[in-house]
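> pasted the sequence and its predicted model underneath.
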Amino acid sequence: MNARQKRLFEESLKKNPNLKMPSENDPRPELTEEDLALLKQGVGDKTGRPQQAASGSSEPGVDEPPPIQTAQVMTYFEEKGFGFLRPDYGGKDIFFHISRLHEGQATDLVPGTKVAYELGMDRNGKMAASSVRILPPAEPVA
């Protein structure tokens, strides 16, 4: 386990004392969905986010697609190619890179623009938006 992995594990351990440090001699078992959920809890500030239901009711081996989340563009630095999204459900702002824009034009990334995205990680292992898609403007209710 490298230093970064150890640091991430120690941060996760603070929030989830039931996690156990893998030993070097043990063969690496496959991580279960429950293990992944515990590890993900240690990433980012989720205090303002709704709690997700446990995945124990789904059949084993059935992968559900990641939930689509929506947000507003808070800032976008065109010359640098990145910006931040404010999730509609609350929580910390989320970093995004222009390379993750799958639908829409970079010129549309102005503050207040609604986007849909999936939550992932950037190349440094930090939480970031992936598969960003610009949503059409909402129709005004007559």
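Ah, there it is. Since the structure is predicted, the reported quantities are computational estimates derived from the model, not experimental observations.

> state the pLDDT value of Val43.
Listed pLDDT for Val43 reads 49.

> in the protein, which spans are helices?
Secondary structure of the chain (DSSP state H): helices located at 3-15, 33-41.

> weakest of the ones you listed by average pLDDT?
Ranked by mean pLDDT, the helices of the chain bottom out at helix 33-41, with a mean of 69.

> circling back: can you put the helices of the chain in JSON lines and add distance to His97 and mean neighbour count?
Any C-beta I mention is one placed from the backbone N, CA and C, and that applies to glycine too. JSON lines is the format used below for the helices of the chain (distance: least, C-beta to C-beta, whole Å; neighbours: other C-beta atoms under 10 Å):
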{"stretch": "helix 3-15", "distance to His97": "20", "mean neighbour count": "12"}
{"stretch": "helix 33-41", "distance to His97": "21", "mean neighbour count": "14"}
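
> any chance of the ones you listed in a markdown table, plus distance to Phe95?
Converted to a markdown table, those look like this (distance: least, C-beta to C-beta, whole Å):
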| stretch | distance to Phe95 |
| --- | --- |
| helix 3-15 | 17 |
| helix 33-41 | 17 |
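
> wouldn't Lys126 be in contact with His97 here?
No. Look at Lys126 against His97 with C-beta atoms under 8 Å: they stay out of range, at 11.4 Å.
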